Structures are given as C-alpha cells and as structure tokens.
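K.L.:
From the sequence below, what's the structure:
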Amino acid sequence: MCLFDTHCHLDLMVQKGIGIDTALQQARKAGVERIIVPGVDANNWNLIQQYAHEHPMVEWAMGIHPWFVSAESRDQLELMKIRLDQGEDCIAIGECGLDFYHGKDEQRLQIEVLTEQLKLAQRYELPVLFHVRKAHQELLQLLKQYPLPKGGVLHGFTGSYELGMQYIKQGLYIGVGGSITYERARKTRDAVARLPLDKLILETDSPDMPLYGYQGEPNQPKFVKNVLSSFILLRNEPEQTITLMIEKSSKLLFKL
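P.N.:
Coordinates of the predicted model:
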C-alpha cells in the first residue's frame, strides 16, 4: 500500500517544533510514499523547494494563498511566471483560491490573483491546489471561464455531495482529510461515501485539521493512514479496490 498526503505544510510543522526528519520517518513507517507541500506566497517557495530537493518523498507546489494576497501579490505573480519560464520543478500551482470567510473587502484582488494563477496553470499545464471558503459559486464561475487542462484538487473538502459533483464536473478531484473522522460531520461523510471513487484523494493539511482523538495536537502526514481507515468504513467497495484507486488517482493527477 502506497499512500499519498496530497496537502501537507511541512514548513509550518517545523515551526511547531516537529522535526522534518522525524515527521518523514514516521510517515514512511505508516506507508506514506509521497507528500506534497503547497506554497502560500513567495516567502516560502524557496524553503519548500529545498525540502523537495533534500527529501525524495517530498514534492512542492508554487502558489499564492488567498490569506496572503496583498499589494505585493502582482510582483509575486511576475516572479512565479519567471520561475516557470525557467523550468521550475514544482508539480502544481497552489495553494491558491478564494476565501471570503471574513467578508469580501479584498474580493476583487483575490479574484485577480487567482485568475492569473489559473492562466499560469493553463499555460504550463500544471494541476492546481485550491483553497475555498464562503466563495464556492465565485470559484466555480472562474473554473468555467478558465478550464484547466490538467485539472486540480479541491483541498480540505467539507461540503455536500451536490457541491462535490459541481467541482468534479469542472475537472477537479476532491481532497478528503481529517474531517471525515468526526461522526458529527454527517454532510461531508455522506458526500465522501457517495462521490465517485476515482475522483477522491487523501490529505492531512498538517499541521492543521487534526483528526478525531488528536484534537489539540499538531496534525502530521503519518495520519493519512487514519484518514484512509475512516474512508474505507464509509465506502462500499473492497479495501483493496479503494487503496489501489486512490493511489492511481494521486499518481495520475500529479504525474508521479
């Protein structure tokens, strides 16, 4: 069994005092073969690229997270384009997206910055790692305007079956994380039980999104195995079918 943690902020784990060598060693023991570390803005791109160069199981993505959108983002977009032109070895664009949870004061700038990243994903044929809160309709509209040749993943999914299918119809995979380990998350658990198996992949979002039973502790990529266990209980397919399909989908999306 080869597991993929398709969304893990290793740099933030280190800030919380979790050594990267220890975290990766424990992940390998849990069957994790690959870990994808998203970028959040230009300030962490070099660090996570270094992680990928030093650790064969780590891959990295280059993006501007909506939380970090600012007046400097236009310059960072230009830097991203330059690096991609030079043949950067990132495997995806992201983490990027829209987040209107605290209101829509920066809505125009967030949409502008995301749109430019979608154009880069189109131009360089890379998948995209999406973050979205309180902005699903706006994101879906952008996906219709800027269809992605290599698709992407809606990270940290906590929505309904109907919402998940809307994203799948736009060519995205659904990122399933620790939320399904909570019995109270009935809407999400029902969605994950019913969505097409070949459009679902696993993640932890470490060090955030702790699993049930580990509240108050930093999340870690080794816990993707626990996410898988909960996932298997929600599905009707045989365990081997599930594990093989998730592995196949992760490799297909990120060309690993």
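K.L.:
moving C-terminal of the longest strand along the chain, what's the next helix or strand?
P.N.:
Assignment by DSSP state E gives strand 92-99 as the longest strand of the chain. Where DSSP states H and E defines the elements, the next helix or strand beyond strand 92-99 is helix 107-124.
K.L.:
so the host helix or strand of Ala61 versus helix 107-124, what angle?
P.N.:
Per DSSP H and E, Ala61 falls inside strand 58-62. Angle, strand 58-62 to helix 107-124, by axes from the mean of the first three to the mean of the last three CA atoms, to 10 degrees: 120 degrees.
K.L.:
which other helices and strands contact strand 58-62?
P.N.:
The contact analysis (3 or more CB pairs under 8 Å, 6 or more residues apart in numbering; DSSP states H and E) places strand 58-62 against strand 32-37, helix 42-54, helix 73-85, strand 92-99. Backbone N, C-alpha and C define where each C-beta goes, glycine included.
K.L.:
can you state the direction angle for the second one and strand 32-37?
P.N.:
The one in question is helix 42-54. 160 degrees.
K.L.:
try the last one
P.N.:
Interaxial angle, strand 92-99 versus strand 32-37 (the same axes, to 10 degrees): 60 degrees.
K.L.:
for strand 92-99, the distance to its chain's centre please.
P.N.:
With CA atoms, centre = their mean, to the nearest Å as the basis, strand 92-99 stands 8 Å off its chain's centre.
K.L.:
what packs against it?
P.N.:
With contacts taken as 3+ CB pairs under 8 Å, 6+ apart, strand 92-99 sits against strand 58-62, helix 107-124, strand 128-133, helix 136-145, strand 152-154.
K.L.:
The ones you listed: which one's closest to Phe223?
P.N.:
Among the helices and strands packed on strand 92-99, the nearest to Phe223 by CB to CB is strand 58-62 (16.8 Å).
K.L.:
contact partners of that closest one?
P.N.:
The contact list for strand 58-62 (CB atoms under 8 Å, 6 or more residues apart in numbering) reads 10, 24, 34-39, 45, 48-49, 51-52, 80, 83-84, 88, 90-95, 129, 254, 256.
K.L.:
Any of those residues buried? List them.
P.N.:
The neighbour count (16 or more other CB atoms under 10 Å) marks 10, 24, 34-39, 45, 48-49, 51-52, 80, 83-84, 88, 90-95, 129, 254 as buried among the contacts of strand 58-62.
K.L.:
could you dump the helices and strands packed on strand 58-62 to a markdown table with mean pLDDT?
P.N.:
Listed next are these as a markdown table, based on pLDDT from 0 to 100:
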| stretch | mean pLDDT |
| --- | --- |
| strand 32-37 | 97 |
| helix 42-54 | 97 |
| helix 73-85 | 97 |
| strand 92-99 | 97 |
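K.L.:
Same list, the ones you listed, but as a markdown table with distance to Lys144 please.
P.N.:
Shown next, in a markdown table, are the helices and strands packed on strand 58-62 (distance: least, CB to CB, whole Å):
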| stretch | distance to Lys144 |
| --- | --- |
| strand 32-37 | 26 |
| helix 42-54 | 29 |
| helix 73-85 | 22 |
| strand 92-99 | 14 |
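K.L.:
Between these, which one is closest to Ala193.
P.N.:
Nearest to Ala193, of all those, is strand 32-37, at 23.8 Å by CB to CB.
K.L.:
Pull up the pairing partners for that closest one, direction included.
P.N.:
Strand pairing for strand 32-37, determined by DSSP bridges: strand 3-5 (parallel), strand 58-62 (parallel).
K.L.:
now the longest one: how far from the chain's centre is it?
P.N.:
Between the mean C-alpha location of strand 58-62 and the chain-wide mean there is a distance of 11 Å, by CA atoms, centre = their mean.
K.L.:
Quick check: what element follows the least confident helix or strand in the chain by mean pLDDT along the chain?
P.N.:
Least confident helix or strand of the chain, by mean pLDDT, DSSP states H and E, is helix 10-15 with a mean of 92. Remark: after helix 10-15, the chain's next helix or strand is helix 20-29, criterion DSSP H and E.
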